[in-house]
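Trainee: Sequence below, structure please.
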Amino acid sequence: MGARRPFFAKEAKLTQVHEKERQLRREVAETVEPSIPDVEVIAVELGGPEHITVYVDHPAGVDHALCERVTNELRPYLESYRVDVSSPGVERPLRTRGHFAGAVGRRAVLRTDVEVGGRKRFRGEIVDAGEHGATISVGDERVEIPYEAIVRGNLIEEGR
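Mentor: As a prediction, the model looks like this:
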């Protein structure tokens, strides 16, 4: 029959991916935000070992010209990655306290890298954005999820 591969290996790999995304978000933000006024780098997601998607926002909105400006600032990354720059869209990424504060009352789906209340996936309404974590209402339960544990968070359309 043979032994199955250990479960922890998959989780360790996911944690490495999310740490790499966090590192890339910090680096990209340090490159882009000082160069282009009012741009916020919301998230950087790995789409494979050689592909990143950079989500940006701007008070005046995100258009093709802004995406092009951001891409130009990221020229050094083009040596290692295929880079896509995008607006956050309807299902905008949620990563920081500010993102969650702006989304109170909206529905979201979250995934954590550690168990919180016995689970790692959550779907519900954001009811609070506290100092250390976001509180989400899942059915009759309210769960506070530490920001540092969130590896993916996105708004979801009301009908989903």
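Trainee: ok now do residue 115, which residues does it touch?
Mentor: Listed by CB atoms under 8 Å, 6 or more residues apart in numbering, residue 115 has no contact partners. C-beta: built from backbone N, CA, C; applies to glycine.
Trainee: any idea how far it lies from residue 155?
Mentor: Between residue 115 and residue 155 the distance is 23 Å, computed by CB to CB, to the nearest Å.
Trainee: go on, residue 74?
Mentor: 25 Å.
Trainee: same deal with residue 116?
Mentor: From residue 116 over to residue 155 (counting by CB to CB), the distance is 19 Å.
Trainee: which stretch of helix or strand covers residue 25?
Mentor: With secondary structure defined by DSSP states H and E, residue 25 is part of helix 7-32.
Trainee: what's downstream of that helix, the next helix or strand?
Mentor: Moving toward the C-terminus from helix 7-32, the next helix or strand (DSSP H and E) is strand 40-48.
Trainee: can you pull out the strands in the chain?
Mentor: 40-48, 51-57, 82-86, 107-116, 119-129, 133-138, 141-146, 150-155 (DSSP state E).
Trainee: What's the mean pLDDT across the second one?
Mentor: If I follow you right, that is strand 51-57. For strand 51-57, the mean per-residue pLDDT is 96.
Trainee: what packs against that strand?
Mentor: Contact here means 3 or more CB pairs under 8 Å, 6 or more residues apart in numbering; DSSP states H and E; on that basis strand 51-57 packs against helix 7-32, strand 40-48, helix 64-73, strand 82-86.
Trainee: who are the neighbours in contact with residue 59?
Mentor: Contact analysis of residue 59 by CB under 8 Å, 6+ apart lists residue 38.
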